[in-house]
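> got a predicted structure here, sequence first:
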Amino acid sequence: MIQAQSFYEGIAASSGEEIFTTLFEKAGLKIERIASHGQASPEGFWYDQPQDEWVLLVRGQATLEIQDQPSLALQLGDHVGLPAHTRHRVTETSEDALWLAVHLRV
């Protein structure tokens, strides 16, 4: 039976860890919820993913650094498309930051 689920269900108020939850996955597509609680990428670390990614900041604030361009200060409702192999990192998140991430493997 198909049932509705809440995007917000099961999110700890502040677990101290970033929590990645896969909401939907099929061949070539992954949709996940990311609950950040003040986390940032480690110093010197860059994501360099083999798939395209689109992220939407559903709650909170975050700063995203994309190599060779100024940092992006993200607020509630901001979204960013990141083509495959775009080097990027998260330099800060608020304690209540919540993301919707869509990964597309081409």
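Cool, got the structure.
> can you mark which positions in the worst-scoring helix or strand of the chain on mean pLDDT are buried?
Here the helix or strand of the chain ranked lowest by mean pLDDT, DSSP states H and E is strand 19-26, holding a mean of 94. Residues Ile19 are the ones in strand 19-26 that count as buried (16 or more other Cβ atoms under 10 Å). Backbone N, C-alpha and C define where each C-beta goes, glycine included.
> which helices and strands sit right next to the helix or strand that it is followed by?
With elements assigned by DSSP states H and E, the helix or strand that comes after strand 19-26 is strand 29-35. On a contact count with 3 or more Cβ pairs under 8 Å, 6 or more residues apart in numbering; DSSP states H and E, strand 29-35 meets strand 19-26, strand 98-104.
> partner strands of the last one and their direction?
To tie it back to what came earlier, the one meant is strand 98-104. strand 29-35 (antiparallel), strand 52-59 (antiparallel) (DSSP bridges).
> dump the helices and strands packed on strand 29-35 into CSV; add distance to Ala84 as well.
CSV is the format used below for the helices and strands packed on strand 29-35 (distance: least, Cβ to Cβ, whole Å):
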stretch, distance to Ala84
strand 19-26, 18
strand 98-104, 9
